[in-house]
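Visitor: 3D model of this:
(2 chains)
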Amino acid sequence: MLTATILVPLIGAVALGSARGVSERAARAGAVTIAAVPLALLIAAWSRFDPGSGRLFQLVEAAPWIPTLGVAYRVGVDGVALVIATASALLFTVSAAYPADTRDRPRHYYAWLLFLEAVSLGVFLALDLLLFYVFFDLSLVGMYFLIGEWGHGDAKRSALKFFLFTLAGSLTMLLGILGLALATEPLTFDMATLIRHQPLAGEGLRSSLVLLGLLFGLGVKTPVVPLHTWLPPAHVDAPGPASAILAGVLLKMGTYGMIRIPFAMMRATFAQWALVLAVIGVISAVYGALVALGQSNLKRRIAYTSVNHMGYVVLAIAAAGGVLAGDEPGRELAITGATTQMVAHGLVTGALFLVAGSFWQRTQDYDIDAYGGLARPAPALTGVTTVAAFASLGLPGLAQFVAEFQIFVGTFSVYPALAAVALLGVLITAALFLQLLQKIFLGDLPARWADFPDLHRSEAVTLGVLVALIVAIGVYPRWLLDAIAGSSRILIGGGS
Amino acid sequence: MLWLTFLLPVAGASALWPWPAIAARGRDPQPADEARDRWVLGVGGVTVVVATLALAMRAAVTRPRSVLEWGGGLILTLEVDRTAAVVAVLVPVVAAPIVAYAAAHEPHRGLGRLVALLVAFVGAMQLLVVAGDLLTLLIGWELVGAVSWALIGHEWWQPEPPGAAAHAFNVTRFGDLGLFLAAAAAFHATGSLRYADLGALDGAALHVVVAGSVLAAAAKSAQVPFSPWLFSAMRGPTPVSALLHAATMVAAGAYLLARLQPVLAMAWWFGPTAIGLGLATALTGGVVAALHPRAKELLAASTSAQYGLMFVAVGAGSTAAGLAHLVAHAAFKSLLFLAAGVAIAAVGSGRLGRMRLGAPLRTVALLTLTGTLALAAIPPLGGAWTKEEVVAAAGERAPWVALLTIAAGGLSAFYAARFQLLAYGPTRRDGALRHVRPPGRTETIAIGVLATFTVALGLLWIPGAGQLVETVAGGTLPEGRAWELVVSLLLVGAGTYAAVVLARRQQLATLGTSPHGAADWLGIPTLAQAAVIDPTLALCRTLARFDDRVVDAGVRAAAAVARAGSRLVTTLSGRGVDGAVEALAAAARRAAGAGSRFDDAGVDGVVEALAAGVGAAGRDSRRLQTGYAHHYYVIVAAGAVVTVVALALWA
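Guide: Sure thing, here's the model as predicted:
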């Protein structure tokens, strides 16, 4: 079943890419349908997943690949992977449905989108380190073309910067992966085995270097300060749906990888370096928020809030792995919160970037100061953006509050001072989003925007789905949290 | 069942909000539509609030407890104790006349949203009040803040309200951080967020919980130095000021301290801190209210000051006195705000110097007088009884605390009289204000209901009422000393007399002529602007530039170093050490060649150059795919080779 979630969009991508004479409408309809198949499959997987079973990985499917190297095709999920993969599949479906300017090449656009969906889901479902790495790198390819070919502004250059920056990161990650796997006897890339055996435990410098290689690579992708400078140009020049996927899916690969590999497989070494990682997380959270407030470009501002929000995730992961024993309730809360934040941030920031895409399609202008009073001609757009902005600043009743509350409370158990400093980010994001709402939607309406079109039907439906989920998680998150919490407990306890 | 006190108003609000738009069916509103909308929104809104009142009264009697698993080990608890019961009933009681007033009085534009948000606020406030743990509290606490943002910015098309709304939200959110910290510390120390488990706290965790709660309470109740946000909140419509920014939401701070008093008092410094904050606010707020030239700001400063008195009472250990004053204040202050709204609508200005509507608006003037007398704490009004209980509580700590409280009471009497004389005092002889817009029947009735409530609280003076308050609110009321009552009444008389004398001399309205002086919160806003807001914004802009130029430049420099290194490797490997390294060098050389053609800026390094080769090869998307894969696997192969070499050397 999980294999199908990867294969269906992959086959769809190939079919769409090689088809002839497909209209824009048909390509989009086909892409949405195909993109929704993994979503349906993952929801079905959700019903078969048993969070209380005590086993970490479930629904495992495996096939031999390179037996001599211990490499195999292995997919499966724990609670963390399951919810992130499901949220990713949803974001791909929504992004495919969102109107985009495909520059008269709809087949290629949607084919790349489906390709990206397949490999992204592969990252979250892979249970083999090498498979993980292959999917991880292939995701760069898909995003590179989406930005480079369908972006605006200096899209080629931004796409290159994104590609090379993250490729450099993934190469150090590859070194880390090899260093980790080569320490096993017999050689294996099986994640479950690696988690059980904790290779390199207590091997001083070598294990530290492997860990740092992994964290550097994953940190570029997350991104953490100061490895984040690829993010703003990539976002600004990417088409709206690609931005939504970049923020909602690709960034998660960094933090998901942190939980999956160094956190779970190198517990002792991770604990040694956790404080450093936590400090980097706090710096990302506060610095990202401050820089975001200093931006007057709509997309850059949202992009930097991603640095802020992913900083919380990094902080929580560091705290959860900061000690090997003790403070279990807090650390569980931290890892559950980190996962919830990945889902919530994906939905919320995805919605914000789709809104930004709508602005570009209407006006080709991202300057916040150029607007004002849009609540009059575009009340629906105003409503959706307001909900998303309040979600992003962590208002209770909306998804990110649930995540951030768990992160702060959980982190406080291990690093109280860092949790307190990170709280400042909550205040700054409030200021920056309220200012954004005020400048764009409230106050005087400049005459040239008097006919600013409100949301079209397809925009309203797709954003409506995201908003409904943001509210559903915010009001009653149990259905989400309980799926994660069982795995959090196992991960904290060090089992597999 | 308890959840309904939250869910019912929220559901009612979502039904009321779209009503005018649905009823108009896309047509432009007709005059008849307006009357119908007002009727529907008013009756609908009041019905929902009254139903909520019924639920709250039931809860006050049955004291139910409700637990909801939120997932991941988080549990939401609703729990009604005596303190919660009092406030849970108070909120809808005050809200009902205010909602009616809003539906009748406010402009038709956006009326559905206004009434809906006021009703939704009642729900959010009920959640805050009946919360039985810190997480539920925080949810309600931030939700009322968000509703407050939307209501202050109700007239969003105007230039000022959106900024004022953001200011109010940001300042109170700073306080919210205290609740986040308190919840985190409580969870860390006890593994639970429930109020009932907070008693087990000690050591550092206790101090963090107490400090966080006090911070949150001080910000929400507009104590110094957070008071100026309440002035920003005055940009909202008057019913909003009456309900949120006088009677209930601002009360959340004092309520929280009263609700958690047994826990908070475990920290030795809680009492002195609460009393210090309260006295500082009561005295400075009194001065500001005595000077400010505008009606709503006078009342707002007075609101801060009155909550200061409640802080004193709770800090001194008497939650009963604090809670009694909270109830009395809610009644008379919402009354005064609605009266101010009528006066402002009558003369079209918020400046006190232009009002004096005693003659043309005789009925409202008389109703207002009950609120003024209660604010001034003149017996036999209930507000006087509750204030004297606060003084008695303060006297339990030390005579000088009682004396300062009495002094704050003298200031209250002065600014209360100032409000009455200027807003509804004798009409000026020049008769400039003969033609004023009179309030409608609904407005007058709403004010009358609140006036009745205010007067009814005078029953507190009946001997034995104290025991009833103790039974209802819990805790004990301290025995007042005779000298306190005498001195207190003397100062109240002196304050009132001073106002009358200044009114005769026509100097009452112009006391605080300089808006940036003492009347503007003694310069706190200016200080905050200069010391916090401006530096933060400047820091943000600097960091934004720093990020573009310096951090990214570091990356570019690293790329340049890498390029130089790659040239070196290319040269070395050109000598042919190893076939695999050959391949790497060839790839790098080829890519560098492509890059030199492509990289016009010439700043980015080998990484950019490498992919520039890819980009150049990939202008045609079909060719790109094969071209890309080629490069890609070269890179992967190269990485693998480097790794194998490194690991081999290591071994």
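
Visitor: residue contacts, A:Thr172?
Guide: Counting by C-beta atoms under 8 Å, 6 or more residues apart in numbering or on different chains, A:Thr172 makes contact with A:Gly213, A:Leu214, A:Phe216, A:Gly217. Where C-beta positions appear, they are placed from N, C-alpha and C, glycine not excepted.

Visitor: now the closest residue to B:Ala96 other than its chain neighbours: which helix or strand?
Guide: Sequence neighbours aside, B:Val49 is the residue nearest to B:Ala96 in space, at 4.6 Å (criterion: C-beta to C-beta, 6 or more residues apart in numbering or on different chains). Assigned by DSSP states H and E, B:Val49 belongs to helix B:31-62.

Visitor: by contact count, what packs against that helix?
Guide: For helix B:31-62, the contact count by 3 or more C-beta pairs under 8 Å, 6 or more residues apart in numbering or on different chains; DSSP states H and E identifies helix B:4-16, helix B:19-24, helix B:82-105, helix B:111-130 as packing neighbours.

Visitor: tell me which of the ones you listed lies nearest to B:Gly341.
Guide: helix B:82-105 (6.5 Å; C-beta to C-beta).

Visitor: got a list of what A:Tyr109 touches?
Guide: Counting by C-beta under 8 Å, 6+ apart, A:Tyr109 touches A:Ala27, A:Ala100, A:Thr102, A:Arg103, A:Leu146, A:Glu149, A:Trp150.

Visitor: returning to that earlier point: helices or strands next to the helix or strand just after the helix holding B:Val49 in the packing?
Guide: Under the assignment DSSP H and E, the closest C-terminal helix or strand after helix B:31-62 is strand B:65-71. Helices and strands touching strand B:65-71, by 3+ C-beta pairs under 8 Å, 6+ apart, are helix A:478-493, strand B:74-79.

Visitor: distance to B:Met310 for the ones you listed - can I get that in JSON lines?
Guide: Below are the helices and strands packed on strand B:65-71 laid out as JSON lines (distance: least, C-beta to C-beta, whole Å):
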{"stretch": "helix A:478-493", "distance to B:Met310": "37"}
{"stretch": "strand B:74-79", "distance to B:Met310": "22"}
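
Visitor: can you tell me which of those is most buried?
Guide: Greatest average neighbour count among those goes to helix A:478-493 (a mean of 23), per mean count of other C-beta atoms under 10 Å in any protein chain shown.

Visitor: residues contacting that one, please?
Guide: With C-beta under 8 Å, 6+ apart as the criterion, helix A:478-493 contacts A:46, A:49, A:51-56, A:78-80, A:82-83, A:259, A:263-264, A:320, A:328, A:331-332, A:335-336, A:339-340, A:343, A:402, A:473, A:496, B:69-74.

Visitor: tell me which of the residues you listed fall in strands.
Guide: B:Glu69, B:Trp70, B:Gly71, B:Leu74 (DSSP state E).

Visitor: pretty sure A:Ala388 sits against A:Ala344.
Guide: No: using C-beta atoms under 8 Å as the test, A:Ala388 is too far from A:Ala344 to be in contact (11.1 Å).

Visitor: around chain A, pick out the residues from the stretch 1-150 of chain B.
Guide: Within reach of chain A by C-beta under 8 Å from any C-beta of the partner chain, the stretch 1-150 of chain B has these residues: B:69-74, B:135, B:138-140, B:142-143, B:146, B:149.

Visitor: now do 6 Å
Guide: Residues of the stretch 1-150 of chain B found near chain A (C-beta under 6 Å from any C-beta of the partner chain) are B:Trp70, B:Gly71, B:Gly72, B:Ile139, B:Glu142, B:Leu143, B:Ala146.

Visitor: show the contacting residues for the residue lying closest to the first one once chain neighbours are set aside.
Guide: In other words, B:Trp70. Ranked by C-beta to C-beta, 6+ apart and with sequence neighbours excluded, the top spatial neighbour of B:Trp70 is B:Leu76, at 5.3 Å. For B:Leu76, the contacting residues are B:Leu68, B:Trp70, B:Thr136, by C-beta atoms under 6 Å, 6 or more residues apart in numbering or on different chains.

Visitor: what's in contact with stretch B:53-73?
Guide: Contacts of stretch B:53-73 (C-beta under 6 Å, 6+ apart): A:336, A:477-478, A:481-482, A:485, B:2, B:4-5, B:75-80, B:85, B:88-89, B:92.

Visitor: tell me how far B:Ala185 lies from chain A.
Guide: In this view, B:Ala185 and chain A are 7 Å apart by C-beta to the nearest C-beta, to the nearest Å.

Visitor: nearest residue to whatever residue of the stretch 101-250 of chain B ends up closest to chain A other than its sequence neighbours?
Guide: Closest to chain A within the stretch 101-250 of chain B is B:Ala184: 3.5 Å, counting by C-beta to the nearest C-beta. Spatial nearest neighbour of B:Ala184, chain neighbours left out: A:Phe412 (3.5 Å); criterion: C-beta to C-beta, 6+ apart.

Visitor: and the one you found, how many residues sit next to it?
Guide: Residues near A:Phe412, counting by other C-beta atoms under 10 Å in any protein chain shown, number 30.

Visitor: so it, which state does it fall into?
Guide: Going by DSSP: H, G, I helix; E, B strand; the rest coil, the secondary structure assigned to A:Phe412 is helix.

Visitor: which residues of chain B lie near chain A?
Guide: Counting by C-beta under 6 Å from any C-beta, chain B sits next to chain A at B:70-72, B:139, B:142-143, B:146, B:156, B:159, B:162, B:166, B:170, B:173-174, B:177, B:180, B:183-184, B:187-188, B:191, B:540-541, B:543-544, B:547, B:551-552, B:555, B:607-608, B:611, B:615, B:621, B:639, B:643.

Visitor: any weak-confidence spans in the chain?
Guide: I went with chain A, as the question did not name one. Scanning chain A for pLDDT under 70 picks out A:494-496.

Visitor: meant chain B actually
Guide: For chain B (pLDDT under 70), the answer is B:428-434, B:512-517, B:569-570, B:572-651.

Visitor: mind running it again at 80?
Guide: Within chain B, the segments meeting pLDDT under 80 span B:25-31, B:427-437, B:510-519, B:554-556, B:558-559, B:562-563, B:565-567, B:569-651.

Visitor: give me phi/psi at B:Asp133?
Guide: phi -150, psi 170 (degrees, to the nearest 10).

Visitor: then the one 10 residues further on?
Guide: Geometry field for B:Leu143 lists phi and psi as phi -70, psi -40, criterion degrees, to the nearest 10.

Visitor: what about B:Gly475, is that helix, strand or coil?
Guide: From three-state DSSP, the assignment for B:Gly475 is coil.

Visitor: neighbours of the nearest residue to B:Tyr424 once chain neighbours are set aside, just the number please.
Guide: Spatial nearest neighbour of B:Tyr424, excluding adjacent residues (C-beta to C-beta, 6+ apart): B:Ala365 at 3.8 Å. Neighbour count for B:Ala365, taken as other C-beta under 10 Å: 23.

Visitor: wait, B:Ala365 touches B:Gly358, no?
Guide: Yes: counting by C-beta atoms under 6 Å, B:Gly358 is a contact partner of B:Ala365 at 4.7 Å.

Visitor: what's the overlap in contacts for the two?
Guide: In contact with both B:Ala365 and B:Gly358: B:Tyr424, using C-beta under 6 Å, 6+ apart.

Visitor: burial count for B:Ala392?
Guide: 23.

Visitor: how much space between it and A:Pro416?
Guide: 40 Å (C-beta to C-beta, to the nearest Å).
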